[in-house]
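Q: What follows is a predicted protein model with its sequence.
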Amino acid sequence: MKIARFSTGDELRYGIVEGLPAGESCPSGESGGRLIVLRGDPLYTPPEATGEIVPLDEVRLVSPVIPRSKVIGIGKNYAAHAAEMGGAAPDEPIVFLKPNTAVIGPDAPIVLPPWSRQVHHEGELAVVIGSPAKNVDAADAGRVILGYTVADDVSARDPRGGDAVRAKAFDTSCPLGPWIEIPEPGSDGAFDPSCAAIRTRVDGAVVQEGTTADMITPVPELIALVSRIFTLLPGDVILTGTPAGVGEIRAGQRVEVGVEGIGRFSNPVVRR
Ligand code: MG
């Protein structure tokens with residue numbers, strides 16, 4: 001089940017995405033997709049349809065979740081990406097935070113920070129937490145996962161003093177979308193986070209292509225690891241690391257990130 005957060009005016013609402021053709025994972029125009037509008041916030045209340053249905057191409061999708069507490073980033077979780085950054089992957093993945101003010105949705109501009117001349121895209125699988133969690137065992141991790149979405153962990157490579165907070169946490173550095181894929185136990189073709197293709201395109205050209213099968217620390221172990229550092233709250237998001245192929249994004253370009261089985265979305269890049 002795919003749940004989107006959207007607007008048709010001022011009000012933000014949630015809806016179940018239906019009617020996408022097989023293989024279609026793009027929220028754009030002619031897809032024929034529609035939204036079954038829901039009452040309330042499905043993060044906190046079971047999905048209940050209002051009876052209203054709206055065509056997907058008549059809404060503006062926004063970030064499927066705004067974390068109330070945190071976005072947790074994971075660095076160097078793919079050996080080939082660690083190598084392109086000039087080293088071996090660490091024994092344990094690097095953990096960092098992005099504030100919720102970094103989050104934007106599909107089509108919202110990525111604003112290059114004025115102090116950086118080297119900003120990179122990082123297409124990633126993201127996990128959305130569904131229930132409070134602390135010291136979770138990997139075997140129980142599924143219990144605290146609401147679903148999965150797609151992220152661009154936009155990163156400045158040249159922050160002053162090598163400051164990791166400036167590098168990762170600036171405004172618009174965390175595009176999320178296009179919706180949350182919520183696994184339905186027992187259903188055919190359920191999304192499998194351990195084997196999903198990740199693709200990033202810049203102006204339509206594929207620049208990053210990888211698979212979550214290459215993660216050094218897979219999703220259940222990542223949840224175990226981070227829940228030993230932080231209490232996880234509903235709506236928290238964990239970025240699971242980027243495969244190889246990161247590269248610079250420049251003003252005027254459009255960067256698209258996608259994970260097969262979830263969807264894809266894009267953002268224009270601007271400098272103000
Ligand atoms: Mg990253």
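A: Alright, I've got the coordinates. Numbers count the residues shown, from 1 in each chain.
Q: State which helix of this structure is the longest.
A: helix 219-227 (DSSP state H).
Q: That helix and the ion, any residue contact?
A: No. Helix 219-227 does not reach the ion (C-beta under 5 Å from the ion); its nearest approach is 12.5 Å. C-beta: built from backbone N, CA, C; applies to glycine.
Q: And for that helix, what's in contact with it?
A: Applying C-beta atoms under 8 Å, 6 or more residues apart in numbering, the external contacts of helix 219-227 come out as 72, 74, 77, 92-93, 95, 125, 127, 133-139, 141-142, 144-145, 193-194, 212, 217, 232, 238, 240.
Q: List the ones among those residues that fall in strands.
A: Ile72, Ile74, Val95, Leu125, Val127, Ile145, Ile238 (DSSP state E).
Q: check contacts around Leu61.
A: Leu61 touches Ala4, Arg5, Phe6, Pro27, Gly105, Pro106, Asp107, Gly177, Pro178, Trp179, Phe265, counting by C-beta under 8 Å, 6+ apart.
Q: now do Arg157
A: Applying C-beta under 8 Å, 6+ apart, the residues contacting Arg157 are Ser116, Gln118, Val119, His120, Ala167.
Q: For Pro113, see how far away the closest residue to the last one other than its chain neighbours is.
A: Okay, so that is Ala167. In this structure, Ala167 finds its nearest non-sequential neighbour in Pro159, 4.3 Å apart by C-beta to C-beta, 6 or more residues apart in numbering. From Pro159 across to Pro113, the span is 9 Å (C-beta to C-beta, to the nearest Å).
Q: list residues touching both of the two?
A: Common neighbours of Pro159 and Pro113, using C-beta under 8 Å, 6+ apart, are Arg166.
Q: Flag every buried residue along stretch 262-270.
A: Ile262, Gly263, Arg264, Phe265, Ser266, Asn267, Val269 (16 or more other C-beta atoms under 10 Å).
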